[in-house]
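> Curious how this folds, go ahead:
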Amino acid sequence: MIKPKLLPQRRLPRYGFHTHTERLNGRIAMLGFIALVAVEAQLGHGLLIW
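As a prediction, this is how the structure comes out:
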């Protein structure tokens, strides 16, 4: 089997949705949600209730 000598380079777009930024945003949102649940469990009541 012949292997190509030159592999094409994939360029990332400069704007819009990216898979790596969306994955990072989702992970940070999950950490925030877990932190909110932990704080509510420690306080004994909801944090978003006035």
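
> Which residue lies nearest the spatial centre of the chain?
Centroid check for the chain by Cα atoms, centre = their mean gives Leu24 as the closest residue, at 2.4 Å.

> How about the secondary structure of that one?
helix (DSSP: H, G, I helix; E, B strand; the rest coil).

> which residues in this protein form helices?
Secondary structure of the chain (DSSP state H): helices at 19-43.

> shaky segments in the chain?
The model of the chain has pLDDT under 70 over residues 50.

> the residue most distant from the middle of it, which is it?
What lies farthest from the middle of the chain is Met1; by Cα atoms, centre = their mean that is 39.8 Å.

> That one and Met30: what is the separation?
Using Cβ to Cβ, to the nearest Å, one obtains 43 Å as the distance from Met1 to Met30. Bear in mind the C-beta positions are built from the backbone N, C-alpha and C, glycine included.

> who's in contact with Pro4?
When the contact criterion is Cβ atoms under 8 Å, 6 or more residues apart in numbering, Pro4 has no partners at all.

> For it, give me phi and psi.
In terms of degrees, to the nearest 10, the main-chain angles of Pro4 are phi -70, psi 150.

> State the distance from it to Arg11.
Separation of Pro4 from Arg11 (Cβ to Cβ): 18 Å.

> Check Ala29 too.
Per Cβ to Cβ, Ala29 is found 28 Å from Arg11.

> Looking at these two now, which is surrounded by more residues?
Using other Cβ atoms under 10 Å as the criterion, Ala29 and Arg11 rank with Ala29 on top: 10 against 6.

> Give me the distance between the more buried one and Val37.
Ala29 is 13 Å from Val37, by Cβ to Cβ.

> burial measure for Gln42, as a count.
Gln42 has 8 nearby residues by other Cβ under 10 Å.

> Thanks a lot, see you next time.
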